[in-house]
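**Q** need the 3D shape of this:
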Amino acid sequence: MTEDKSAIRDAATVIVLRDRLTNPSILMGQRGAKAVFMPNKFVFPGGAVDTADRSVPLVAPLPALCSERLDERSAPGLQNALAAAAIRELWEETGLVLGERGDWQGSVPADWQEFARMGFRPTASDLQFVFRAVTPPGRPRRFDARFFLVDANAIQGDPDDFSRASDELSHLQWVPLGRARELDLPFITEVVLAEVAARVTNPEPPSNVPLFLHTEEQSLFLQLKGHPMPDAD
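**A** Residues are numbered from 1 along each chain as shown. This is a model prediction of the structure:
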């Protein structure tokens with residue numbers, strides 16, 4: 001079957017925040033020069049939801065408030081798939097594990113076999129849903145991306161060990177939050193960084209989640225479980 005390049009794919013992105021109360025930094029990597037989507041840009045780990053992500057068993061689910069926010073303006077029951085995709089993409093692109101020790105029950109999907117061989121099962125309880133953005137029309141790929149924030153303390157093992165990372169992102173590094181805008185960033189990443197900066201000292205999931213929505217007719221900046229955001233002065 002030929003891939004529909006115009007289709008909007010559900011996706012998950014992970015913002016790992018380290019030393020949030022002392023010297024906050026975030027994990028970023030650079031996409032390849034030949035990448036179809038956002039070549040050469042520095043981004044957070046993330047990617048599209050796979051079919052298998054929908055049935056991956058999570059040791060613990062997302063926080064209830066985050067699950068409720070994810071459900072708004074989405075296909076029913078997508079929360080598990082989004083959380084699983086976030087954990088899988090973090091593992092594939094950085095080699096970092098967000099999980100708990102334990103054996104899987106039943107068959108393990110192909111993309112999760114190395115994760116399972118490491119002796120871990122995925123857990124979503126430390127993920128916080130903080131932002132959502134839909135790629136504008138006219139781009140070579142379009143995604144409905146949900147951004148999850150997680151504290152580096154939830155990562156198993158050494159957060160500086162990227163030895164198991166794939167080659168999808170290069171120059172993996174912890175970037176001081178205050179200097180991240182010095183990198184070559186996509187516009188939406190700059191917007192998300194402002195949201196992350198506002199949440200550094202608040203460990204609780206946000207009560208309202210920004211949604212940057214692009215359609216063929218207009219671009220909207222909304223809040224999930226809230227009201228349209230006021231225009232900036």
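**Q** for the protein, which segments count as helices?
**A** Remark: helices assigned in the chain by DSSP state H are 64-71, 79-94, 113-117, 187-199.
**Q** same for the second one, what does it pack against?
**A** Packed against helix 79-94, as judged by 3 or more Cβ pairs under 8 Å, 6 or more residues apart in numbering; DSSP states H and E, are the following elements: strand 8-18, strand 25-31, strand 46-48, helix 64-71, helix 113-117, strand 120-122, strand 142-151, strand 169-176. Every C-beta, even on glycine, is put in place using the N, C-alpha and C of the backbone.
**Q** in the fifth one, what's buried?
**A** Spelled out, that is helix 113-117. For helix 113-117, burial by neighbour count (16 or more other Cβ atoms under 10 Å) applies to 115, 116.
**Q** my read: residue 21 touches residue 201, true?
**A** Yes: at 7.0 Å, residue 21 counts as touching residue 201 under the criterion of Cβ atoms under 8 Å.
**Q** among the helices and strands packed on helix 79-94, which comes closest to residue 193?
**A** Judged by Cβ to Cβ, the one of these that comes nearest to residue 193 is strand 25-31, at 7.9 Å.
**Q** report how many residues lie close to residue 166.
**A** Using other Cβ atoms under 10 Å, the number of residues around residue 166 comes to 11.
**Q** which non-adjacent residue is nearest it?
**A** Distance criterion Cβ to Cβ, 6 or more residues apart in numbering; nearest residue to residue 166, sequence neighbours excluded, is residue 92 at 5.2 Å.
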